[in-house]
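*Asks:* below are the sequence and a predicted model for it; my questions follow.
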Amino acid sequence: MDRSSSIHERPQNRRPVLVRKLAMAIPTLCEADNIPELLCRVRAVLNALNFDYEILIIDDDSCDGTAEIVSTLAQEDERIRLLVRKGQRGLSGAILHGWENTDATILGVMDADFQHPPELLAELAKAIASGCDLVIGSRYTPGGGYGRWNVIRRVLSAAAVWVTWPVQRFGLRAKDPLSGFFFVRRECLSGIEFQQSGFKLLLEILVRARLSSVREIPFAFGERYRGASKANIKVALEYGRLLARLYRDRFGLGRSVPVSTFVD
């Protein structure tokens, strides 16, 4: 695979940053079949980096024993932490909940279904430590891929990305603004307002966060290992609502919808 990456940055020098602590947020909903192997592979990658880190499993009250499995693993490794949300759903809210419950300076997120390869974490973490504000695992940068998506899904995904172009900032536009696999520096988010509902937090970060540089590193989107996809009509509707809010904010088309402020 071509391991080239695309870099967008405003005219200023990037300098390496001190990674005092890295937090990997992994939202879960009925991922009991995936979580043991996933945590094993994530820990193996992060251990080799010599960074202080913790892994945050944010579980939306799964009924399949996900929380119990994580609790057992956390007793063996204190760097694994379980956060359970009761009566709440939504990927963005879960990620923000995890980030607000850590003091890490570098914040990351990935899925629990192996569609995001844990081995790429090393490259993403090294890129953020080199001075980038935001580093994205990207399906659309040359060298990336969609996996076994059919033509209809590829067309819909391309359309969903295309409509973000006007609201993304010139000079910092990402080719894969809907990725759920990325690292961002905490200081770029402090005091920024994000909505809790929805599934596309990266797009909000690209639009609202204080960013000077964005880097995309290609990866091939994998097949779900076990369990069922969470994609449904609600996800599509939430994405439509998010786009409407971002367009309103960007072009002053109406009152902004209340959102939640990210607090250090």
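*Replies:* Thanks, I have the structure now.
*Asks:* which residue ranges of the stretch 51-200 of the chain form strands?
*Replies:* When assigned using DSSP state E, counting those that start in this stretch, the strands of the stretch 51-200 of the chain occupy the ranges 53-59, 80-84, 106-109, 134-138, 182-185, 193-194.
*Asks:* make TSV out of those strands and add mean neighbour count and mean pLDDT.
*Replies:* C-betas here are computed from N, CA, C, even on glycine. Output for these, formatted as TSV (neighbours: other C-beta atoms under 10 Å; pLDDT from 0 to 100):
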stretch	mean neighbour count	mean pLDDT
strand 53-59	24	97
strand 80-84	18	97
strand 106-109	26	97
strand 134-138	27	97
strand 182-185	26	97
strand 193-194	17	86
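*Asks:* right, and those - which one's nearest residue 175?
*Replies:* For the strands of the stretch 51-200 of the chain, proximity to residue 175 was assessed by C-beta to C-beta; strand 134-138 is nearest, at 5.9 Å.
*Asks:* check the offset of that closest one from the chain's centre.
*Replies:* Centre-to-centre, strand 134-138 and its host chain are 9 Å apart (C-alpha atoms, centre = their mean, to the nearest Å).
*Asks:* repeat that for stretch 115-123.
*Replies:* Mean-position distance between stretch 115-123 and its chain equals 12 Å (C-alpha atoms, centre = their mean).
*Asks:* buried residues in that stretch, which are they?
*Replies:* Buried residues in stretch 115-123, counted by 16 or more other C-beta atoms under 10 Å: 115, 116, 117, 118, 120, 121, 123.
*Asks:* so which of these is the closest to residue 144?
*Replies:* Nearest member of the buried residues of stretch 115-123 to residue 144, counting by C-beta to C-beta, is residue 120, at 10.5 Å.
*Asks:* if we can go back for a sec, can you tell which of the strands of the stretch 51-200 of the chain is closest to residue 216?
*Replies:* Of all the strands of the stretch 51-200 of the chain, strand 134-138 sits nearest to residue 216, with 3.7 Å by C-beta to C-beta.
*Asks:* what packs against the closest one?
*Replies:* Packing partners of strand 134-138 (3 or more C-beta pairs under 8 Å, 6 or more residues apart in numbering; DSSP states H and E): helix 121-129, strand 182-185, helix 201-208, strand 213-218.
*Asks:* buried residues, stretch 135-149. List them.
*Replies:* Within stretch 135-149, the residues scored as buried using 16+ other C-beta under 10 Å are 135, 136, 137, 138, 139, 140, 141, 143, 144.
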